[in-house]
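A.B. asks: 3D, please:
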Amino acid sequence: MTTWLDDVFAAPKPIIAMLHLSALPGDPGYDSKAGISAIVDRAKAELDALQTGGVDGVMISNEFSLPYLTQTEPITAISMARVITELLPEISVPYGVNVLWDGRASIDLAVATGAQWVREIFTGVYASDFGLWNTNIGEVARHRHRIGADGVKLLFNIVPESAAYLAERSLASITASTVFATLPDGICVSGLTAGAPTDTQSLKIVKDAAGSVPVFVNTGVKAHNAADQLAIADGAVVGTYFKEDGVFENRASVDRVRELVGAVRDFRKTL
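C.D. replies: As a prediction, this is how the structure comes out:
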C-alpha cells in the first residue's frame, strides 16, 4: 500500500530530523545581543550536519521557545520565516515546519516558506504543563483551505508531550475517531517529552487503529531501537538523539546522525 510518503521521500520508513531553532525574539531565552544572525548561523550548521548525515527530511521548529504558548504571538512565526528563508538555498531534502503549539501559525508558516507538512496538536482537550489545552480542528481545516494550503500535509500528535487527554477513552478509540472525523494526513506517537522513549505498545495500538494513515514514532528513537520502532511505524521523527552526547540543548552531531541513519538503512534491507 502506497501513501503520500512515497511521493515525498526517496526511501521507505523516512527519518525526519528536527532542526531546533534557538530561542526567538519574544521568547524568554532570546539573546537579543547576538540577534537573529546567531540563530541563522546555528541553524545552518545543524542543517549541514543533518543532511550530511543522510536524513530523509527535516522539520524546523521553535523548540527552544520555552515555555510554549498554545496560541503564539505573531513575532514567533515571523522570525521563523526570516530564518527559514535564509536556510532555503541550503535545504536539499523535503522539509516541514512546526510552530509550537499553534496549528494555524504552523500552516501559515508552511505557506510562506513552501514547507510540505506541519506537525501539531490538532485534536482533543488536555490537561497540560501549559494549562488547559483545547483545540478546534474544524476551524484549522477551514483556515488551511482559505489560505490555499490544501496541499500542506497535517501530522497530528495523537499522544502529546507534557499533557494528558481529558476524555476517558482508549487510545485505540481516540485514534479511530480521529482518523474518521478529522482526516489527518499522518499521526505522531510521542513519549512524555522530547527525547523520551515512545511506548512500543502504544505505537502498535495507534498503528493498528489508524488504517491507511501513516504513523510516525515521534520521540525516543535511537540507533539501537530504530529497527524495532520502524517495524511498527511508517517513519520516525528524531531530534534529541542527533544532538552531541544525546543532550537536548546541544547541537546536532553528524556522527550521531550517521550512526542512526546507518542502522535504519540496514533495517530497510530487510523490508
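
A.B. asks: remind me which residues of the protein are low pLDDT?
C.D. replies: 192-194 (pLDDT under 70).

A.B. asks: again, only using 50
C.D. replies: For the chain, no stretch has pLDDT under 50.

A.B. asks: biggest helix in it by residues?
C.D. replies: In the chain, assigned by DSSP state H, the helix with the most residues is helix 35-53.

A.B. asks: contacts for that one?
C.D. replies: In this structure, residues lying in contact with helix 35-53 by C-beta atoms under 8 Å, 6 or more residues apart in numbering are 17, 19-22, 24-25, 31, 58, 60, 79, 82-83, 86-87, 90-93, 242, 251-258, 261. In short, each C-beta sits where N, CA and C put it, glycine included.

A.B. asks: and if you look at stretch 63-74?
C.D. replies: So stretch 63-74 is in contact with 18, 20-24, 26-29, 76, 99-102, 105, 129-131, 133-134, 194, 239, going by C-beta under 8 Å, 6+ apart.

A.B. asks: how far does that stretch sit from the chain's center?
C.D. replies: Distance, stretch centre to chain centre, for stretch 63-74: 15 Å (C-alpha atoms, centre = their mean, to the nearest Å).

A.B. asks: first-to-last residue distance for it?
C.D. replies: Stretch 63-74 has an end-to-end distance of 16 Å (C-alpha to C-alpha, to the nearest Å).

A.B. asks: buried stuff in that stretch?
C.D. replies: Glu63, Phe64, Ser65, Tyr68, Leu69, Thr70, Thr72, Glu73 (16 or more other C-beta atoms under 10 Å).

A.B. asks: closest to Lys207 out of the residues you listed?
C.D. replies: Glu63 (25.7 Å; C-beta to C-beta).

A.B. asks: distance of that closest one from Arg146?
C.D. replies: For Glu63, the distance to Arg146 (C-beta to C-beta, to the nearest Å) stands at 28 Å.

A.B. asks: likewise Val206?
C.D. replies: 30 Å.

A.B. asks: looking at those two, which one has more neighbours?
C.D. replies: Val206 (28 against 9; other C-beta atoms under 10 Å).

A.B. asks: returning to that earlier point: pull out the buried residues from the contacts of stretch 63-74.
C.D. replies: Using 16+ other C-beta under 10 Å, the buried members of the contacts of stretch 63-74 are 18, 20-24, 27, 76, 99-102, 105, 133, 194, 239.

A.B. asks: let's see which of the residues you listed end up in helices.
C.D. replies: Using DSSP H, these in helices are Thr76, Ala105.

A.B. asks: and of the buried ones among the contacts of stretch 63-74, the nearest to Ala181?
C.D. replies: Trp133 (19.0 Å).

A.B. asks: run through the bridge partners of that closest one.
C.D. replies: Tyr126 (DSSP bridges).

A.B. asks: what's the separation between it and Ala23?
C.D. replies: In terms of C-beta to C-beta, Trp133 sits 22 Å off from Ala23.

A.B. asks: what do you get for Val264?
C.D. replies: With C-beta to C-beta as the criterion, Val264 and Ala23 are 31 Å apart.

A.B. asks: could you report the neighbour count for Gly186?
C.D. replies: So Gly186, with other C-beta under 10 Å, has 22 neighbours.
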